[in-house]
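# Quick one: sequence plus predicted model below, questions after.
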Amino acid sequence: MPSHQRSTVFDWNHLAVIPTPKGARRDLCDVATATLDRFECHVTTLNAGEVPHEPHRHPDEELIIVKEGTLEVTINGQSHPATAGSVIFLASQDFHGLRNAGSGTATYYVQRWTSPGREGPQPPEV
C-alpha cells in the first residue's frame with residue numbers, strides 16, 4: 001500500500017461489489033495524499049427508501065455525486081432533492097443525512113477528505 005495516493009484511474013468494471021443490508025458498496029480508496037491527512041472515496045448503492053446511516057455531523061467535508069436515482073438530502077433541517085448528475089457538498093459540522101427517495105436503487109460517489117491535523121471520528125460504514 002502506498003504511503004499516499006498516487007494518480008490513478010478507478011475502473012467501475014473492476015470495483016469489488018460489497019453487498020450490504022441496505023444495498024451495496026464499492027471502495028475506491030482510503031489513504032493519505034500529498035496534501036491531505038485522509039482522502040476516502042467509495043460508491044454507495046441504496047435500495048428504495050433506505051438511508052445509509054442516521055443523520056450526523058463530522059469535522060471533515062464531503063462531496064457526493066449522484067450517479068443514478070433520486071436522493072433526498074437533509075442539511076441542517078432543510079430537505080433538498082438530488083437526482084442523477086447532482087453534486088452535493090457537505091461542509092464541516094453541518095448536520096446532514098441522505099435517503100433514497102426513488103422507487104429503484106440510487107447510486108452515488110462519496111468523496112471525503114481531511115486537512116492536515118483535522119482527522120475526526122468516522123461515520124458508520126454502509
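Yep, that arrived. Fair warning: this is a prediction, and the values are worked out from it, not measured in the lab.
# how close does the residue nearest the centre of the chain get to residue 53?
Nearest residue to the geometric centre of the chain (CA atoms, centre = their mean): residue 110, 2.5 Å. Distance, residue 110 to residue 53, by CB to CB, to the nearest Å: 12 Å. Glycine gets a C-beta too; all of them are placed from N, C-alpha and C.
# ok, back up a step: how about the residue nearest to the centre of the chain: which residues does it bridge to?
residue 42, residue 64 (DSSP bridges).
# now swap in the one 4 residues further on and tell me
On DSSP bridges, the residues paired with residue 114 through beta bridges are residue 38.
# Return the residues in contact with it.
Residues counted as contacts of residue 114 (CB atoms under 8 Å, 6 or more residues apart in numbering) are 36-38, 59-60, 120.
# gap between it and residue 92?
10 Å.
# cool, residue 30 as well?
From residue 30 to residue 92 the distance is 19 Å (CB to CB).
# can you tell me the average pLDDT over stretch 59-73?
For stretch 59-73, mean pLDDT rounds to 96.
# hang on, residue 104 in a helix?
No - using DSSP: H, G, I helix; E, B strand; the rest coil, the secondary structure at residue 104 is coil, not a helix.
# Let me know the pLDDT of it.
Predicted confidence (pLDDT) for residue 104: 97.
# Restricting to C-alpha, output stretch 82-98 in CSV.
Presented in CSV, the C-alpha positions along stretch 82-98 are these (Å, rounded to 0.1, in the frame of the first residue of the first chain):
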residue,chain,number,x,y,z
ALA,A,82,-30.8,15.3,-5.8
THR,A,83,-31.1,13.4,-9.0
ALA,A,84,-28.6,11.8,-11.4
GLY,A,85,-25.9,14.3,-12.1
SER,A,86,-26.4,16.3,-9.0
VAL,A,87,-23.4,17.3,-6.9
ILE,A,88,-23.8,17.7,-3.1
PHE,A,89,-21.3,19.5,-0.9
LEU,A,90,-21.5,18.9,2.8
ALA,A,91,-19.5,21.4,4.8
SER,A,92,-17.7,20.7,8.1
GLN,A,93,-20.0,20.2,11.0
ASP,A,94,-23.3,20.6,9.0
PHE,A,95,-25.9,18.1,10.3
HIS,A,96,-26.8,16.0,7.3
GLY,A,97,-28.5,12.8,6.1
LEU,A,98,-29.5,11.1,2.9
